[in-house]
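Colleague: A predicted structure for the sequence below; I have some questions about it.
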Amino acid sequence: MNFTLHLTENCNLNCRYCYETHSSVCMTEATAKRAVDLALSYGHKANGFSLFGGEPMLERPLIETLCCYAAQKARETGTTVQYKMTTNGTLLDEPFLRFANEHDISVALSHDGLLQDVQRVTRDGRPTAEQLEPVIDLILRYQPNAVAMQTVMPSTVGRMAESVEWLYRRGFSRINTAIDYRPDAGWDDASMAELQKQYQRIAKLSEAHFDDARPLLYLNFVSKIAAYLNDRPCIECKLGMRQPSVAPDGSIYPCNQFLNLPAYRMGDVFEGIDTEKQKQIFLASLAPETECDGCAIADRCRHHCACLNFSLTGDMHQVAPVQCEHERILIPIADDLAAHLYERRSERFLRYYGTDPDA
């Protein structure tokens, strides 16, 4: 069983694109332990937790207690537990990264590359790039495959490719970019056209380094290529089923974007999941997005993501125009990259995707 645990609503940064409302609310040790008990009660051999915030490292003692408790329970039940955590990195140190490796915590770093000091500042407005330089070295020493999570805004999209290249040169092989999806972010025709140019630049960069000893695996492209070549449509979440979210008070919701909305509450970690409510939410998420009928890229587009749709439009089946345009830009560029890698017989590409007819 997999849960996202919202350990805290607090954060020590004030990122320009952040959509969260921060507060001092945090999860208690008793609630975290009960979430572990509930997850393991399903009897699955492999279990996972996404440690979420705010900034999850503000609750470092809770993370350490949670992981030690889960390890003990996993030994008792003959199961395994893995974790994922995305952090701004400002509170990471070597002892925690040693702990992370001991307890199978995959750490991803939110870092905007050359845009870091423009977009990601402290609560009192101080830059963070210099502070994170030694942290990057530590993360990559302990977890060489750690993901760098970049975000761009309309006002900064012109440096997106340059920042991806900086992150790659800095040592990250796996890089993901998210665009600022907030309804008032300000995307227009000009900024979308620039986004397309930046993706094209990143595709050339990715192609150039795809077969290096340390490749550039740009996850925005990798996921689209894999979905197509492995014949798995981009239906992302099985809303409420695959990875429910646990609020700080222990209430369970189908996904992050539905947190604290009474209509979508599916139980809590103390009494368990209301399976009938869970089923209702899941079935409701499967209704088609009729506006997408006939679209050539419908099976590979994130329009299926009820969580993202809801967060942007308030409707699980209403796709935001900026989301639609983003997918129309991204997918053809990913396809062109795949075609180029195939034509040149890229060893890594053929190995990853099983497209070698002679294999």
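Modeller: Sure, I can see it.
Colleague: what about the strands in this structure?
Modeller: Secondary structure of the chain by DSSP state E: the strands cover 2-6, 46-52, 80-87, 105-110, 147-152, 174-179, 217-218, 245-246, 252-253, 267-268, 272-273.
Colleague: quick one: average pLDDT of the helix ranked longest in the chain?
Modeller: When the chain is parsed with DSSP state H, its longest helix is helix 321-343. Summarised as a single mean, pLDDT over helix 321-343 is 95.
Colleague: Please state the offset of that helix from the chain centre?
Modeller: With CA atoms, centre = their mean, to the nearest Å as the basis, helix 321-343 stands 19 Å off its chain's centre.
Colleague: same question, stretch 16-34
Modeller: For stretch 16-34, the distance to the chain centre is 17 Å (CA atoms, centre = their mean).
Colleague: do the same with stretch 257-277
Modeller: From the chain centre to the centre of stretch 257-277 is a distance of 22 Å (CA atoms, centre = their mean).
Colleague: Show me what the longest helix of the chain is packed up against.
Modeller: Other elements packing on helix 321-343 under the criterion 3 or more CB pairs under 8 Å, 6 or more residues apart in numbering; DSSP states H and E are helix 189-209, helix 219-229, helix 306-313, helix 347-353. Yep, even glycine has a C-beta here, placed from its N, CA and C like the rest.
Colleague: Let me have the ones you listed in a markdown table, extended by mean pLDDT and distance to I105.
Modeller: Below are these laid out as a markdown table (pLDDT from 0 to 100; distance: least, CB to CB, whole Å):
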| stretch | mean pLDDT | distance to I105 |
| --- | --- | --- |
| helix 189-209 | 98 | 27 |
| helix 219-229 | 89 | 19 |
| helix 306-313 | 87 | 24 |
| helix 347-353 | 90 | 25 |
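Colleague: Of all these, which one is nearest K238?
Modeller: Nearest of the helices and strands packed on helix 321-343 to K238, taken as CB to CB: helix 306-313 at 9.8 Å.
Colleague: ok, and for the closest one, which residues are buried?
Modeller: Within helix 306-313, the residues scored as buried using 16 or more other CB atoms under 10 Å are 306-312.
Colleague: so what does that helix touch, helix or strand wise?
Modeller: Under the contact criterion of 3+ CB pairs under 8 Å, 6+ apart, helix 306-313 touches helix 321-343.
Colleague: count of neighbours near the closest residue to H340 other than its chain neighbours?
Modeller: The spatial neighbour of H340 that comes closest, neighbours along the chain excluded (CB to CB, 6 or more residues apart in numbering), is E207 at 5.6 Å. For E207, the neighbour count with other CB atoms under 10 Å is 20.
Colleague: Give the residue spans of this structure that score low on pLDDT.
Modeller: 230-237, 303, 355-359 (pLDDT under 70).
Colleague: Nearest to E20 among the buried residues of helix 306-313?
Modeller: S311 (11.4 Å).
Colleague: How much space separates the closest one from Y17?
Modeller: Distance, S311 to Y17, by CB to CB, to the nearest Å: 14 Å.
Colleague: quick revisit: in the longest helix of the chain, what counts as buried?
Modeller: Within helix 321-343, the residues that count as buried by 16+ other CB under 10 Å are 322-324, 326-327, 329-331, 333-335, 337-338, 340-342.
Colleague: is it true that D37 touches K73?
Modeller: Yes. With contact defined as CB atoms under 8 Å, D37 reaches K73; the gap is 7.1 Å.
Colleague: Those two: which has the busier surroundings?
Modeller: Comparing D37 with K73 by neighbour count (other CB under 10 Å), the higher total belongs to K73, at 18 against 14.
Colleague: neighbours around R120, how many?
Modeller: By other CB under 10 Å, the residues close to R120 number 24.
Colleague: ok, now the one 5 residues further on?
Modeller: Here the count is done by other CB under 10 Å, and G125 has 7 residues near it.
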